[in-house]
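> coords below, sequence missing:
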């Protein structure tokens, strides 16, 4: 049976490069693509046959590690490999702590990508060999993990509401964007505040932003 892979990345050229690399790495595969987190979650909700996600943490809607935590909570049977230009060992440690099966730098060559994908599909964790020791020696952030666990408890729709709240949207705007009634947004917000153990929407937005990461590809030099 063919391996079904979801490439979740907002850059069309990089998605095309991954498609080519996957064909060379795995052979018998079926590939679907998404360009943001809402499209990714929609695909996962209607397609239970996806085996593996190659996830860009910085695509629209992802909010860094929050998107990863949400995917792992709602689709625990799907392996997630983060593919990122950010090779900071502390980021890789956090990625693994939040449930990723592996981390592949976007600078990786075909051989490393093949090794990584085969390891993950064989249910083994994978990080670049030259970073293995450094990542293993880093301590996990307990507060970070507690927050990610709380965010992961949100339903996909609650996560969408929270992401819009973090971006400064009002309840009426959120209702119009998601095609739901304003009272439904308020009900979601009550559940969000309860699950995140915060008092108001400002604190909820701050909680989500704690899991965001700096994208080195978009960093502006001083």
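Nice, thanks for sending it over. Source: prediction; values computed, not measured. Numbers count the residues shown, from 1 in each chain.

> rest of the way, CA atoms for contacts and neighbours
Fine.

> any idea how far the spatially most central residue of the chain is from residue 85?
The chain has residue 68 as the residue nearest its centroid, 2.8 Å off, counting by CA atoms, centre = their mean. With the distance defined as CA to CA, to the nearest Å, residue 68 ends up 16 Å from residue 85.

> list the contacts for the residue nearest to the centre of the chain?
Taking CA atoms under 8 Å, 6 or more residues apart in numbering, we find residue 68 in contact with 57, 62, 98-100.

> now swap in residue 45 and tell me
Contacts of residue 45 (CA under 8 Å, 6+ apart): none.

> mind checking pLDDT for it?
Looking at residue 45, its pLDDT reads 90.

> do I have it right that residue 72 meets residue 152?
Yes: the criterion here is CA atoms under 8 Å, and residue 72 meets it with residue 152 at 7.5 Å.

> and the two? Which one has more around it.
Shown here are residue 72 and residue 152; by other CA atoms under 10 Å, residue 152 has more neighbours (23 against 18).

> next one: the more buried one from residue 6, what distance?
Taking CA to CA, one finds residue 152 at 20 Å from residue 6.

> from residue 158, how far out is residue 170?
From residue 170 to residue 158 the distance is 15 Å (CA to CA).

> these two: which is more packed in?
More crowded of residue 170 and residue 158, by other CA under 10 Å: residue 158, with 19 against 12.

> following the strand or helix carrying that one, which helix or strand comes up?
Here residue 158 sits within helix 156-166, counting by DSSP states H and E. Downstream of helix 156-166, the first helix or strand assigned by DSSP H and E is helix 171-178.

> residues contacting residue 55?
With CA under 8 Å, 6+ apart, residue 55 has these contacts: 7-9, 80-83.

> farthest pair in those residues?
Spanning the widest gap among the contacts of residue 55 are 9 and 80, at 13.0 Å by CA to CA.

> by how many degrees do the one helix or strand residue 149 maps to and helix 156-166 diverge?
Using DSSP H and E, residue 149 sits within helix 142-152. Counting by axes from the mean of the first three to the mean of the last three CA atoms, to 10 degrees, helix 142-152 lies at 120 degrees to helix 156-166.
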